[in-house]
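Asker: quick one: sequence plus predicted model below, questions after.
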Amino acid sequence: MINEDELLNIAIINIRKVSEFNPYKSYIGVNNREEFQQFIANDPAFGSLGLDDERYIIARVGGNLVTSLHRKLGDMYENLFAYLLKESFGLNENELHFSVNVKIGKRDQVRSTDGLIRKDKFNQNIPSDWIKYEGIGFEIRSCYQIGDSKRIQADYDMSLALKSYEILPVMLIFCNTSLKSPVLRLSKSWELYEGRNSFDLVHTITGFDFYNFLQRNSELLKKEIDNIFSYFL
């Protein structure tokens, strides 16, 4: 049974992890925005160009912050989906994952699914054209914003590896603002869903209206995000 309080707690814990982000840790003697601004003013390449400007400082610190935020949002959606899958199909943590070997450049790497439903766990909510497979392997993204060709190729190869085990590869991307090129490429190998279609699929297979849950708790989640921006920027 889905416990919405637990689900909300998962979301908040993941968002609050962004507060651990330190945009100044790479700069000796810099601990806050004012010190970073002075650091840039004294930089021989940047200071004479006026890049100690408040707008530049906010953009630079903010850019690193947004990268950290996106990573944690990716973890949040992955963890929320895992919870919904476990509760809806009676899975334990080990049953959620199926590992395959893929190459990233010249390196071999083990990649595991973010979610897995094996055939013996299928129920009436599984789409009829999926029941011919031995399982369904899920890859979860809040947004696909990786332009690295090696990473994209690794995701592509992961889907092929899953198919070799008769496991249907399904990628859920919850945003509508992904980079279009990798999404187009990956849609040729993954059963790929974006935006509301991803939320609708979660609703179909778990019976839980995930999108509605986020909408109902929107003000609380917005407050968590606002606290992060207010603290850093």
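Answerer: Noted; the coordinates are in hand. Numbering: from 1, shown residues only.
Asker: C-alpha from now on. contacts and neighbour counts both.
Answerer: Will do.
Asker: in what helix or strand does the residue most central in space within the chain lie?
Answerer: When C-alpha atoms, centre = their mean is applied to the chain, the residue found nearest the centroid is G74 (1.9 Å). Counting by DSSP states H and E, the element that carries G74 is helix 54-89.
Asker: buried ones in that helix?
Answerer: Going by neighbour count (16 or more other C-alpha atoms under 10 Å), the buried part of helix 54-89 is 57-58, 61-62, 65, 68-86, 88-89.
Asker: from G63, how far out is the residue nearest to the centre of the chain?
Answerer: Between G74 and G63 the distance is 17 Å, computed by C-alpha to C-alpha, to the nearest Å.
Asker: quick one: contacts of stretch 1-10?
Answerer: Outside stretch 1-10, the residues that touch it by C-alpha atoms under 8 Å, 6 or more residues apart in numbering are 76, 79-80, 83-84, 87-88, 208, 217.
Asker: now with 10 Å?
Answerer: Stretch 1-10 has contacts (C-alpha atoms under 10 Å, 6 or more residues apart in numbering) with 11-12, 15, 75-77, 79-81, 83-90, 206-208, 210, 213-214, 217, 220-221.
Asker: check stretch 211-225 too.
Answerer: With contacts defined as C-alpha under 10 Å, 6+ apart, stretch 211-225 is touched by 4, 7-8, 11-13, 15-16, 18-19, 69, 174, 196, 198-200, 202-203, 226, 228-229.
Asker: can you flag the buried ones in these?
Answerer: By 16+ other C-alpha under 10 Å, those give 7-8, 11-12, 15-16, 18-19, 69, 174, 198-200, 202-203, 228 as buried.
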